[in-house]
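J.: Let's see this in three dimensions:
(chains A and B)
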Amino acid sequence: MKNIALTIITIMFAFCHNLSAENTDELVDLSIYSNVKQLQIGSDFYIAIKLSVADEWHIYWKNPGDSGLPTEVKWTLPKGVEKVGGLKWQIPERIEWSGMVNYGFEHDVYLIQKFKTSRVVDLQSIDITADVSWLICKEKCIPQNDKASIKIEVGEMFEKSSENKMIQDLLAKAPKTFKAVKSKFKAGKEKLEIRLLDMPSDVAEVTDLFVVTDEIVENNSKVEIKNNSNSAVVELKLSPYASDMPAELELLVLYKDKNGSPKSYETIISNK
Amino acid sequence: MAHQNRMKQLLVINKGLDMKKISLVLAIILFATTAIFAKDAAKVGSKAPDFVLKDKDGVEHKLSDYAGKYVVLEWVNYDCPFVKKHYESENMQKLQREFTKKGVIWLSVCSSAEGKQGNFTKDELDKKQKDFKTAETAYLIDESGEVGKLYNAKVTPDMAIINPNQEVIYLGAIDNIPSADKSDIEKADNYVMKALNSAMNGETVEVKSSKPYGCGIKYANK
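T.: Numbers count the residues shown, from 1 in each chain, chains lettered A, B, ... in the order given. Predicted coordinates:
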């Protein structure tokens, strides 16, 4: 009798657990961290937003691919606090289904933003709110948004937060920014040719490439890479929607360094 | 000697027959493959690939039967938030009403495979269409996804416009603001409305294609 009761309870528990997993309000859990607990006005700091994505679901990268919507962050900042550069994204995954390809994240993902503080304003503390919106999809898609806030103390001393190491580790793994001068692209009738003629000095072999600029390449086309010494040529099929080619393309290049470690860089190349 | 020559001749004839057979088989294979791949995917400026699909009431619709009229193809999945954006705001129905009144054939196409989101029973469809007060000419069922793939439809909503000569004149998004937010509709440039108005007034269609935005189509064989 005891055993039967236990079995029923277990089944009921499993059933309830399953139900809660499908509760659409719980598909993404949003959290916010900073690398500092306290700072002096005039110094820089980072804010990391973590989106914990439910199993089997995915959210989208800045270029969502064939369907979906990019995840977006709107910041509410006090006077005297400004963004430095753009949002740092992790390397996306190719999510393939029915011949279509999306770029996104099927797991927890961090978005990191750098900020600077100016001495103009007298702040006691820095209150920051991130208003994050995303589209989450499995078979069905649900547009959602949520807010997360954080307070950083202002004082005489600089004090790291307990998440500092985690944020520094994420930054170390994030794509580096590389200013390309010689690299070019050329759009043919059906193919896009990217010539990476200048790259970070530790590149041994280009392994993959994402075109960040949307609507340029056919997302399900093969990325063909020819590695030469100190340069690489990448060919991709043009998208049928690529009617007007922009003068510049934003790229994410994945490579192996001379020790064989996976690394990446982001760059902007032109057609001239 | 004569016997040997006769044998050679026979061999040659046999070889000839074999070659003939092989060529025949090859020709059949070639014909079959071209028949399979004959239909190129839809392209702006090219002939619209023909198709036959049944509507939700089982009535067959053949695209080429609508030659002489403008035809709009609208890929639909009423449970997709991007489709809901355009139906809950009545944006899509307004377009359907306005243009079907002007003689345009509006075909909503559902390429969701059996058992997948967007593939509704007749009763569910009747209810949803009554609630939304949809005004399409016909709602076509494309469970195999064949027609969806023929038109390179990737998301819902995804739009195609075909002119009276059965040439594709527009492929892509309904408008230029990719979002699931109804409040964006007013600010957006409606590509479908503009393309239809321009073409029907004998003007050049300015935006002939754009990247469609929405939920991926729930084709068979994930």
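J.: tell me which parts of chain B are close to chain A?
T.: Residues of chain B lying near chain A by Cβ under 8 Å from any Cβ of the partner chain: B:43, B:79-82, B:116-117, B:145, B:149, B:152, B:154-155, B:171-172, B:178-181, B:208-211, B:213-222. The C-beta positions use only the backbone N, C-alpha and C, and glycine is treated the same way.
J.: Please list the members of those residues that lie in helices.
T.: B:81-82, B:149 (DSSP state H).
J.: which of the residues of chain B next to chain A are buried?
T.: B:43, B:79-82, B:116-117, B:145, B:149, B:152, B:154-155, B:171-172, B:178-180, B:208-211, B:213-220 (16 or more other Cβ atoms under 10 Å in any protein chain shown).
J.: what about residue A:33, distance to residue A:72?
T.: As judged by Cβ to Cβ, to the nearest Å, residue A:33 and residue A:72 stand 19 Å apart.
J.: again, but for residue A:197
T.: 34 Å.
J.: got it, and residue A:176?
T.: From residue A:176 to residue A:72 the distance is 23 Å (Cβ to Cβ).
J.: any idea which helix or strand carries residue B:85?
T.: helix B:81-88 (DSSP states H and E).
J.: list the helices and strands the next helix or strand after that helix packs on?
T.: Sequence-wise, the next helix or strand beyond helix B:81-88 is helix B:91-101, with elements assigned using DSSP H and E. Using 3 or more Cβ pairs under 8 Å, 6 or more residues apart in numbering or on different chains; DSSP states H and E, the elements in contact with helix B:91-101 are helix B:81-88, strand B:105-110, helix B:191-200.
J.: before we move on, back to that, any idea which of the ones in helices among the residues of chain B next to chain A is the one closest to residue A:133?
T.: Nearest to residue A:133 among these, counting by Cβ to Cβ, is residue B:81 at 12.3 Å.
J.: who's in contact with the closest one?
T.: A:135, A:141-143, B:180, B:215 (Cβ atoms under 8 Å, 6 or more residues apart in numbering or on different chains).
J.: again, 6 Å this time
T.: Contacts for residue B:81 were tallied using Cβ atoms under 6 Å, 6 or more residues apart in numbering or on different chains; they are A:141, A:143, B:180.
J.: what about the closest residue to it other than its chain neighbours, distance to residue B:85?
T.: In space, and not counting its chain neighbours, residue B:81 is closest to residue B:180: 4.3 Å by Cβ to Cβ, 6 or more residues apart in numbering or on different chains. Using Cβ to Cβ, one obtains 5 Å as the distance from residue B:180 to residue B:85.
J.: how many neighbours does the residue lying closest to residue B:134 once chain neighbours are set aside have?
T.: Distance criterion Cβ to Cβ, 6+ apart; nearest residue to residue B:134, sequence neighbours excluded, is residue B:93 at 5.7 Å. Number of residues near residue B:93 (other Cβ atoms under 10 Å in any protein chain shown) recorded here: 17.
J.: what's near enough to touch residue B:93?
T.: Per Cβ under 6 Å, 6+ apart, neighbours of residue B:93: B:133-135.
J.: now the strands for chain B?
T.: Assigned by DSSP state E, the strands in chain B fall at B:52-55, B:60-62, B:71-75, B:105-110, B:138-141, B:155-156, B:158-162, B:168-172, B:215-216.
J.: For the fourth one, name the packing helices and strands.
T.: Secondary-structure packing of strand B:105-110 (3 or more Cβ pairs under 6 Å, 6 or more residues apart in numbering or on different chains; DSSP states H and E): strand B:71-75, strand B:138-141.
J.: Let's have those strands in a markdown table, adding mean pLDDT and mean neighbour count.
T.: As requested, these are exported to a markdown table (pLDDT from 0 to 100; neighbours: other Cβ atoms under 10 Å in any protein chain shown):
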| stretch | mean pLDDT | mean neighbour count |
| --- | --- | --- |
| strand B:71-75 | 98 | 25 |
| strand B:138-141 | 98 | 21 |
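J.: export the ones you listed to CSV and tack on distance to residue A:208?
T.: Formatted as CSV, those follow (distance: least, Cβ to Cβ, whole Å):
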stretch, distance to residue A:208
strand B:71-75, 31
strand B:138-141, 39
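J.: wait, which of those is closest to residue A:259?
T.: Among the helices and strands packed on strand B:105-110, strand B:71-75 sits nearest to residue A:259 (Cβ to Cβ), with 48.4 Å.
J.: CA atoms of that closest one as CSV?
T.: Taking C-alpha atoms only, strand B:71-75 is exported to CSV below (Å, rounded to 0.1, in the frame of the first residue of the first chain):
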residue,chain,number,x,y,z
VAL,B,71,-2.8,36.5,-57.2
VAL,B,72,-1.5,36.9,-53.7
LEU,B,73,-0.1,33.9,-51.8
GLU,B,74,0.1,34.4,-48.1
TRP,B,75,1.8,31.7,-46.0
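J.: Check which helices and strands it sits against.
T.: So strand B:71-75, by 3+ Cβ pairs under 6 Å, 6+ apart, packs with strand B:105-110, strand B:158-162.
J.: Show me which of the ones you listed has the highest average neighbour count.
T.: Of the helices and strands packed on strand B:71-75, the one with the most neighbours on average (mean count of other Cβ atoms under 10 Å in any protein chain shown) is strand B:158-162, at a mean of 25.
J.: what's in contact with that strand?
T.: Everything outside strand B:158-162 that qualifies as a contact, by Cβ under 6 Å, 6+ apart, is B:48, B:71-75, B:151, B:168-171, B:174, B:192, B:195, B:212.
J.: what bridges to the spatially closest residue to residue B:43 that is not a sequence neighbour?
T.: Excluding its sequence neighbours, the residue lying closest to residue B:43 (Cβ to Cβ, 6+ apart) is residue B:168, at 6.3 Å. Judged by DSSP bridges, the bridge partners of residue B:168 are residue B:162.
J.: Could you do residue B:109 as well?
T.: The partner residues for residue B:109, given DSSP bridges, come to residue B:75, residue B:140.
J.: Can you show me the strands along the stretch 1-150 of chain A?
T.: Secondary structure of the stretch 1-150 of chain A by DSSP state E, counting those that start in this stretch: the strands cover A:28-34, A:36-39, A:44-53, A:59-65, A:72-76, A:81-88, A:93-97, A:100-105, A:109-117, A:125-137, A:141-154.
J.: Reformat the ones you listed as TSV; add mean neighbour count.
T.: Shown next, in TSV, are these (neighbours: other Cβ atoms under 10 Å in any protein chain shown):
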stretch	mean neighbour count
strand A:28-34	18
strand A:36-39	19
strand A:44-53	20
strand A:59-65	23
strand A:72-76	14
strand A:81-88	14
strand A:93-97	16
strand A:100-105	22
strand A:109-117	19
strand A:125-137	20
strand A:141-154	16
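J.: Any idea which of those gets closest to chain B?
T.: Of all the strands of the stretch 1-150 of chain A, strand A:141-154 sits nearest to chain B, with 4.1 Å by Cβ to the nearest Cβ.
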